[in-house]
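> have a look; sequence and predicted model below, questions after that.
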Amino acid sequence: MEFRHEQKRHQQKHSGPKAEKKKKRKQREQDAEQEQDERKRNPRAFAVRSAVRMARNFHRTQDLKTKKHHIPLVDRTPLEPPPIVVVVMGPPKVGKSTLIRCLIKNYTRQKLADICGPVTIVSGKKRRLTFIECNNDINTMIDLAKVADLVLMLIDASFGFEMETFEFLNICQVHGFPRVMGVLTHLDSFKNNKTLNKTKKRLKHRFWTEVYQGAKLFYLSGMVYGEYQTREVKNLGRFISVMKFRPLVWQTSHPYVVADRMEDLTDPEAIRLNPKCDRTVSLYGYLRGTFLKNKCQIHIPGVGDFSVADASFLPDPCPLPEMLKKRALNERERLLYAPMAGVGGLVYDKDAVYIDMPGSHVSHQQEEVRPTTELVQSLMGTHTTLDAKMAASKVSLFTGTAALTPEEVQDNSGKQGPVESRVWDAETQRERRKAIFAEEDDEGRALRWKEDLAQKATEAYLRQQRAAPNVRKLVYGAGE
Ligand SMILES: Nc1nc2c(ncn2[C@@H]2O[C@H](COP(=O)(O)OP(=O)(O)OP(=O)(O)O)[C@@H](O)[C@H]2O)c(=O)[nH]1
């Protein structure tokens with residue numbers, strides 16, 4: 001038996017929703033065609049009316065295009081790149097140590113009580129970060145501006161921009177600008193929401209004029225138990241771990257090492273006999289930039305020019321996790337290496353290898369003993385009473401003059417309490433500076449500090465010149 005299936009011919013629909021849809025589409029297509037036809041039909045309406053304007057338009061588009069071009073740079077970063085140097089800078093008491101502590105906790109789930117020297121951590125499968133706190137000495141700023149990949153610029157919102165911020169930005173300008181990200185702290189000091197929003201906006205625009213339009217500014221709105229809010233730190237951390245970096249010319253054309261550990265190999269007996277004897281020192285750190293040749297000349301900022309006796313390759317103290325396919329780091333891979341703060345697994349010395357028993361995990365005992373709040377720490381560290389300290393303290397009015405004892409001060413100033421008025425803690429210092437600069441707005445301050453900076457930079461330069469006359473290139477090695 002044979003079955004035959006006869007297919008019905010397709011009938012085009014002329015009514016119903018589908019047909020309506022089709023009609024509409026056809027109509028739209030026709031309209032578009034007509035529009036194009038208009039250009040053909042009426043060419044004069046669309047012709048070039050002004051050659052000048054056309055030329056101007058053309059130039060403008062070309063300018064915009066070329067602005068987007070960069071000089072092609074050879075990316076020489078090795079397969080396993082050295083840690084990214086994150087410099088945390090800002091005026092005194094703005095919250096630098098607190099931010100580093102929070103970021104370390106965010107990445108490694110470990111607490112580091114003291115931020116001492118560079119701290120290296122594994123932040124992801126392919127990235128390590130070295131945090132360095134920048135104190136407000138101009139020489140440190142110059143040194144760090146050279147090696148920084150990313151700068152976290154802390155700004156006290158209750159205070160506005162301060163001299164240090166402008167100083168650092170100006171120094172960066174000379175060295176080829178690293179990535180700069182602003183972080184506003186002390187936002188909890190605003191009780192009024194309206195003033196808070198206004199201040200945020202004002203500081204954001206001020207930051208944009210200093211760095212570039214649209215530069216990233218983070219807000220840290222207050223503290224919880226002496227730490228910044230977890231969610232905000234997490235966002236900041238995530239931003240840092242996915243950030244892309246453009247190689248800077250100075251950094252890619254010089255070999256340089258940010259030393260995170262130092263070891264004095266000189267014979268202690270020789271030092272005892274002559275404290276100023278020539279010393280042999282080992283410096284440890286990741287090599288960045290280009291290749292470091294053995295026996296080459298190097299400059300140590302603040303010290304002078306030296307030749308390297310020997311450079312050797314050591315196992316990585318803070319290695320990246322193995323390349324396995326997985327989504328996140330596990331607990332054992334969340335490494336932390338801060339030799340100057342005494343944290344790190346293996347320590348390779350010139351003549352021995354040490355293993356830190358608690359591993360890279362900071363002992364919990366330390367956490368309990370050393371509270372993070374500065375006030376409690378300072379109270380615990382006190383050995384003498386305030387009265388005794390005040391009686392023993394001396395104050396010198398001008399640099400280079402002999403220090404005055406409280407008795408001498410008392411003699412001159414009559415009834416007035418001698419020492420209290422001069423022993424300023426950091427908090428009072430901040431208050432004083434706040435009062436001094438309260439009258440000026442940001443613009444005025446920026447101008448004034450920029451002038452100030454020029455003089456300071458010249459002084460620092462002359463000082464370095466005196467110390468080592470042939471290091472000019474290294475001090476102001478912009479674009480070389
Ligand atoms: N209310 C408030 N206090 C803050 C904030 N940020 C930091 N602090 C406090 O400011 C004090 C100084 O913080 P640190 O992290 O030691 O500041 P620092 O910049 O490292 O200070 P120096 O290293 O001495 O320059 C600490 O007592 C913090 O609790 C903030 O956003 N709000």
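Received the coordinates, thanks. Residues are numbered from 1 along each chain as shown.
> how far away is R288 from N57?
45 Å (Cβ to Cβ, to the nearest Å). Using the backbone N, CA and C atoms, a C-beta is placed for each residue, glycine as well.
> same check on S97?
Counting by Cβ to Cβ, the gap from S97 to N57 is 54 Å.
> swap in K68?
18 Å.
> same question, I240
From I240 to N57 the distance is 41 Å (Cβ to Cβ).
> who has more neighbours, R288 and N57?
For R288 versus N57, neighbours defined as other Cβ atoms under 10 Å are more numerous around R288 (22 against 11).
> can you get me a residue count around Q36?
9.
> what bridges to the closest residue to the ligand within the stretch 101-250 of the chain?
Taking Cβ to the nearest ligand atom, the ligand has its nearest neighbour within the stretch 101-250 of the chain at T185, 3.8 Å off. Listed beta-bridge partners, T185: D156 (assigned using DSSP bridges).
> would you mind measuring from the nearest residue to E232 once chain neighbours are set aside to K200?
Using Cβ to Cβ, 6 or more residues apart in numbering and skipping the chain neighbours, the partner closest in space to E232 is L220 (5.4 Å). Separation of L220 from K200 (Cβ to Cβ) stands at 12 Å.
> joint contacts of these two?
Residues within reach of L220 and of K200 at once, by Cβ atoms under 8 Å, 6 or more residues apart in numbering, are L184, L187.
> so these two - more neighbours on which side?
Remark: of L220 and K200, L220 carries more neighbours, 22 against 17, as counted by other Cβ under 10 Å.
> can you pull the pLDDT of the closest residue to H254 other than its chain neighbours?
Nearest non-adjacent residue to H254, counting by Cβ to Cβ, 6+ apart: G289, 4.8 Å away. Note for G289: predicted pLDDT of 83.
> G289 pairs with what?
P255.
> so it touches L248, yeah?
No. G289 lies out of contact with L248 (Cβ atoms under 8 Å); the separation is 9.7 Å.
> how about the residues of the chain that lie near the ligand?
90, 92-98, 185-186, 188, 220, 222-223, 226, 374 (Cβ under 6 Å from any ligand atom).
> hmm, the residue of the stretch 101-250 of the chain closest to the ligand is touching V94, no?
Yes. In this structure, T185 is within contact of V94 by Cβ under 8 Å, at 5.9 Å.
> shared neighbours of those two, which are they?
Counting by Cβ under 8 Å, 6+ apart, the residues touching both T185 and V94 are L154, I155, D156.
> which of those sits closest to A270?
L154 (43.4 Å; Cβ to Cβ).
> sec struct for the closest one, please.
Secondary structure state of L154, per DSSP: H, G, I helix; E, B strand; the rest coil, is strand.
> for I142, see how far away it is.
19 Å.
> element containing P78?
Per DSSP states H and E, P78 falls between elements, in no helix or strand.
> pLDDT value on it, please?
Confidence score, pLDDT, at P78: 70.
> hang on, E38 in a helix?
Yes. Under three-state DSSP, E38 sits within a helix.
> now do the contacts for it.
Contacts of E38 (Cβ under 8 Å, 6+ apart): A45.
> beta partners of G285?
Under the criterion used (DSSP bridges), G285 bridges to A259.
> number of residues surrounding T185?
Around T185 there are 26 residues (other Cβ under 10 Å).
> ugh, typo on my part, it should be H70
Neighbours of H70 (other Cβ under 10 Å): 7.
> against I298, how distant is the closest residue to it other than its chain neighbours?
The shortest distance from H70 to any residue other than its chain neighbours is 7.7 Å, reached at R246 (Cβ to Cβ, 6+ apart). R246 sits 26 Å away from I298, taking Cβ to Cβ as the criterion.
> kindly report the same for T108.
When T108 is compared with I298 (using Cβ to Cβ), they lie 32 Å apart.
> looking at those two, which is more packed in?
Legend: neighbour count by other Cβ under 10 Å for T108 and I298, higher for T108 (23 against 16).
> who's in contact with the more buried one?
I121, V122, R334, L335, L336 are the contacts of T108 under Cβ under 8 Å, 6+ apart.
> same deal with A145?
By Cβ under 8 Å, 6+ apart, the neighbours of A145 are V87, V151, F168, I171, C172, V174, H175, P178.
> what does V48 give?
Neighbours of V48 in contact, by Cβ under 8 Å, 6+ apart: M54.
> that one: what secondary structure?
Under three-state DSSP, V48 comes out as coil.
> next one: it from D37, what distance?
Taking Cβ to Cβ, one finds V48 at 20 Å from D37.
> now F159
Where D37 is concerned, F159 sits at a distance of 65 Å (Cβ to Cβ).
> these two: which has the busier surroundings?
Counting neighbours by other Cβ under 10 Å for F159 and for D37 shows that F159 has the greater number, 18 against 10.
> surely that one is in a strand?
No. Assessed with three-state DSSP, F159 is coil; it does not lie in a strand.
> pLDDT score for it?
Confidence score, pLDDT, at F159: 83.
> next, count neighbours for T120.
Counted with other Cβ under 10 Å, T120 comes out at 27.
> what values do phi and psi take at it?
phi -110, psi 140 (degrees, to the nearest 10).
> start and end of stretch 136-156, how far apart?
This stretch, stretch 136-156, spans 15 Å end to end (Cα to Cα, to the nearest Å).
> hey, where'd the helices end up in the stretch 101-250 of the chain?
138-147, 163-175, 193-210, 230-242, 249-253 (DSSP state H, counting those that start in this stretch).
> give me the buried stretch members for the longest one, please.
Judged by neighbour count using 16 or more other Cβ atoms under 10 Å, the buried positions of helix 193-210 are L196, T199, K200, L203, R206, F207, E210.
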